[in-house]
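Engineer: return atomic coordinates for the entry below.
(chains A and B)
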Amino acid sequence: MSIRLHGASLRHGQVLALDGIDLCIEAGERVAIIGPSGAGKSSLLHLMASALRPSSGRLELLGEQPWTLSGRARQRLRARVGLVHQAPPLPPRQRVVTAVLAGRLGQWGTLRGLANLICPLDVPGARQALADLGLADKLFVQCGQLSGGQLQRVGIARALYQRPQVLLADEPVSAMDPVLADHSLGLLNRHADVNGVTLVASLHAVELALAHFPRVIGIRDGKVAFDCPADAVTQALLDALYANEQLLAQQPVPGPSLVVQIPRC
Amino acid sequence: MNRAINWLVLLAILAAVVGSFVYLGLDLRALVGNGGLEQMGEYATRFLSPDLSSGHLRAVGHGALETLAMSGLGTLLAMIFGLLLALPAAGRFGWPLQGAARLLLNGLRAIPELVWAALTVLAAGLGPNAGTLALALHTAGVLGRLFAEALENAPPEPAAAIRLQGGSQVAAFCFGTLPNLWPQLLAYSLYRWENNIRMASVLGFVGAGGLGQMLYTTLSLFQESQASTVIVAMLVLVLLVDAASDVMRQRYVRA
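Structural biologist: Just a heads-up that it's a prediction; the model follows:
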């Protein structure tokens, strides 16, 4: 058992982002989370990563409950869980090699970690992680000089270099072109498959989710809309998942909408 | 109406100026006439021939090095203490320590360098030790405050991401916060170093060593040509430090 949620809810102030989620993800499973914007995909992943504490309900991660552990034990548990951020929060002046090597700060002692700031100790390891994503030439570039898609790949390289047992990815390919997105998701899935890593990724692109992941979970309004194998996802399910009442209610009113203003001077 | 008020303000300023002269007993006629201007000119011309004998030049060089060392060491110590105090002052260790650290920083900063020097001369004796300590104490207050503000404004996400993958607090600070922060810290420190080299040349007036002490001594003994060498040395030192800190800023802060 890798991840288990028992009636987990999450409240941001007045907004109920997640509403009593029950989920069970086995070790080595590969799961895609899809759903409309603002449905709670990101919140769910951050909850699983123990970045956010559930307002009610329970989270079990690798057989332990992170929020009942002591701070030190929780940090040890977190070192076994990797999260790929949608916009990786990397300091603009940090070099890519340092940002990737920072992935193993949880495994390394503080002294060994700090030594990497002065002189990167495992350049071949970082180069390998980046080479898989086609970024080996950017090893010594500052993160601030990279594009959004390149930063996302650095974020993925950092998570892969961490070698976690549970790999969570929050829209990991949202800023990449279709070819790169397909390649990067394929790489994540192969890595998970070969190493027996549990992979959970939230995705905007439904076709990518269906193509790469055996299991797909649909989230809508903070609740699980469906949870089934990828080949059981039907068009009707997807239409219901992404149906948008607000847009339907605001049908564009036909009529003279073009107003040309000519400045008088 | 407006015009009348303007005239009234002008009249009031004029009355204040005249009143100040009368109250202070300044006698412009004695200052300008009666050979006063000539005396001042004479005194000034004695500064135009600096003493360039090798013995005095060596002494001035020694003093300049002392001033440079005082300002450099003082700023370095202030950077260390400032950063140590800035961490609690930015609220990293809870509010009781935050309040205490802020109070301490305000106290250090509120007392000017010259007053600190007068105090440290009593505590550490005459000489560059007192000057270094005085600069370090005041600058620690200034830099600590600036560092704390920079820390508060630094984005928390990179450090939070390191914590989320199991990194320690120290690792999260060094890998997540410092890379964005240190150019700013360096810029503040360089600016304070430029200030301190000027201050270090003055601190000698209360006996805290360096060029200032030489200037004070020579002026008191009416050795104008020696004093003028010291003043030239101060100018050169300030220009050199400004240039050096500018080079470092170009190299590290704006990269």
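Engineer: nearest residue to B:Arg192 other than its sequence neighbours?
Structural biologist: B:Thr139 (5.2 Å; Cβ to Cβ, 6 or more residues apart in numbering or on different chains). C-beta coordinates here come from the backbone N, C-alpha and C atoms, glycine included.
Engineer: burial measure for that neighbour, as a count.
Structural biologist: B:Thr139 has 29 neighbours, counted by other Cβ atoms under 10 Å in any protein chain shown.
Engineer: ok, the residue most central in space within chain A - contacts?
Structural biologist: The centroid of chain A falls nearest to A:Asp170 when counting by Cα atoms, centre = their mean (1.7 Å). Contact analysis of A:Asp170 by Cβ atoms under 8 Å, 6 or more residues apart in numbering or on different chains lists A:41-42, A:45-46, A:83-86, A:201-202.
Engineer: at 6 Å what do you get?
Structural biologist: With contacts defined as Cβ atoms under 6 Å, 6 or more residues apart in numbering or on different chains, the neighbours of A:Asp170 are A:42, A:45, A:85-86, A:202.
Engineer: ok, now B:Ala187?
Structural biologist: Going by Cβ under 6 Å, 6+ apart, B:Ala187 touches B:Val253.
Engineer: same check on A:Val100?
Structural biologist: Counting by Cβ under 6 Å, 6+ apart, A:Val100 has contacts A:126, A:129, A:157-158, A:161.
Engineer: find the pair from these with maximum spatial separation.
Structural biologist: Greatest spatial distance among the contacts of A:Val100 (Cβ to Cβ): A:Ala126 and A:Arg158, at 9.0 Å.
Engineer: centre of the chain versus the helix or strand encompassing the residue nearest to B:Arg192, how much separation?
Structural biologist: B:Thr139 belongs to helix B:128-153 when assigned by DSSP states H and E. Centroid separation for helix B:128-153 versus its chain: 10 Å, with Cα atoms, centre = their mean, to the nearest Å.
Engineer: contacts for the helix or strand following that helix next, please.
Structural biologist: Using DSSP H and E, the helix or strand that follows helix B:128-153 in sequence is helix B:157-164. Residues from elsewhere that reach helix B:157-164 (Cβ under 6 Å, 6+ apart): A:51, A:83, A:89, A:91, A:105, B:172, B:175-177.
Engineer: next, format the residues you listed as a markdown table and append neighbour count and distance to B:Met214.
Structural biologist: As requested, those are exported to a markdown table (neighbours: other Cβ atoms under 10 Å in any protein chain shown; distance: Cβ to Cβ, whole Å):
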| residue | neighbour count | distance to B:Met214 |
| --- | --- | --- |
| A:Ala51 | 19 | 61 |
| A:Leu83 | 26 | 62 |
| A:Pro89 | 18 | 54 |
| A:Pro91 | 24 | 46 |
| A:Leu105 | 27 | 53 |
| B:Ala172 | 23 | 49 |
| B:Phe175 | 26 | 48 |
| B:Gly176 | 27 | 48 |
| B:Thr177 | 20 | 44 |
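Engineer: out of those, which are inside strands?
Structural biologist: A:Leu83 (DSSP state E).
Engineer: ok so, going back, out of the contacts of A:Asp170, which comes closest to chain B?
Structural biologist: The closest of the contacts of A:Asp170 to chain B turns out to be A:His85 (Cβ to the nearest Cβ; 6.5 Å).
Engineer: write out the residues of the stretch 1-150 of chain A neighbouring chain B.
Structural biologist: Residues of the stretch 1-150 of chain A found near chain B (Cβ under 6 Å from any Cβ of the partner chain) are A:51, A:75, A:78-79, A:83, A:89, A:91, A:93-94, A:102, A:105-106, A:110, A:113-114, A:117.
Engineer: mind telling me which residue of the stretch 101-250 of chain A is nearest chain B?
Structural biologist: Residue nearest to chain B within the stretch 101-250 of chain A: A:Gly106 (2.4 Å; Cβ to the nearest Cβ).
Engineer: which stretches of chain B form helices?
Structural biologist: According to DSSP state H, chain B carries its helices in the segments B:2-24, B:28-32, B:36-45, B:54-89, B:95-110, B:113-124, B:128-153, B:157-164, B:169-172, B:178-203, B:211-220, B:224-248.
Engineer: need the winner for burial among those helices.
Structural biologist: Most buried of the helices of chain B by mean neighbour count (mean count of other Cβ atoms under 10 Å in any protein chain shown) is helix B:128-153; its value is a mean of 24.
Engineer: what helices or strands is that one leaning on?
Structural biologist: The criterion is 3 or more Cβ pairs under 6 Å, 6 or more residues apart in numbering or on different chains; DSSP states H and E, and the helices and strands that helix B:128-153 contacts are helix B:54-89, helix B:95-110, helix B:113-124, helix B:178-203.
Engineer: chain A contacts on the stretch 101-250 of chain B?
Structural biologist: For the stretch 101-250 of chain B, the contact set with chain A under Cβ under 6 Å from any Cβ comprises B:157-158, B:161-162, B:164-168, B:170-171, B:174-175, B:179-180.
Engineer: can you tell me which two in these are farthest apart?
Structural biologist: Greatest spatial distance in those: B:Gly166 and B:Asn180, 21.5 Å, computed using Cβ to Cβ.
Engineer: surely the residue nearest to B:Arg192 meets B:Tyr191?
Structural biologist: No: using Cβ atoms under 6 Å, B:Thr139 makes no contact with B:Tyr191, being 10.5 Å away.
Engineer: what's the spacing between stretch A:111-131 and its chain's center?
Structural biologist: 24 Å.
Engineer: and it, average pLDDT?
Structural biologist: Stretch A:111-131 shows a mean pLDDT of 89.
Engineer: buried set for it?
Structural biologist: For stretch A:111-131, a neighbour-count test (16 or more other Cβ atoms under 10 Å in any protein chain shown) marks A:113-114, A:116-117, A:120, A:122, A:125-127, A:129-130 as buried.
Engineer: and those as JSON lines, adding secondary structure?
Structural biologist: What follows is the buried residues of stretch A:111-131, written out as JSON lines (DSSP: H, G, I helix; E, B strand; the rest coil):
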{"residue": "A:Gly113", "secondary structure": "helix"}
{"residue": "A:Leu114", "secondary structure": "helix"}
{"residue": "A:Asn116", "secondary structure": "helix"}
{"residue": "A:Leu117", "secondary structure": "helix"}
{"residue": "A:Pro120", "secondary structure": "coil"}
{"residue": "A:Asp122", "secondary structure": "coil"}
{"residue": "A:Gly125", "secondary structure": "helix"}
{"residue": "A:Ala126", "secondary structure": "helix"}
{"residue": "A:Arg127", "secondary structure": "helix"}
{"residue": "A:Ala129", "secondary structure": "helix"}
{"residue": "A:Leu130", "secondary structure": "helix"}
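Engineer: can you name the two of these that are farthest apart?
Structural biologist: Between all members of these, the farthest pair (by Cβ to Cβ) comes out as A:Leu114 and A:Leu130, at 22.2 Å.
Engineer: which residues of chain B score low on pLDDT?
Structural biologist: Counting by pLDDT under 70, chain B has low-confidence residues at B:255.
Engineer: nearest to chain A: which residue in it?
Structural biologist: B:Gly166 (2.4 Å).
Engineer: phi first, then psi, for that residue.
Structural biologist: phi 100, psi 0 (degrees, to the nearest 10).
Engineer: now A:Trp108, what's its secondary structure?
Structural biologist: State at A:Trp108, reduced to three classes by three-state DSSP: coil.
Engineer: just the local confidence number for it, please.
Structural biologist: pLDDT, A:Trp108: 88.
Engineer: backbone torsions only: list them for it.
Structural biologist: Phi and psi for A:Trp108, reported as degrees, to the nearest 10, are phi -80, psi 160.
Engineer: measure it to A:Val15 for me?
Structural biologist: Per Cβ to Cβ, to the nearest Å, A:Trp108 is found 38 Å from A:Val15.
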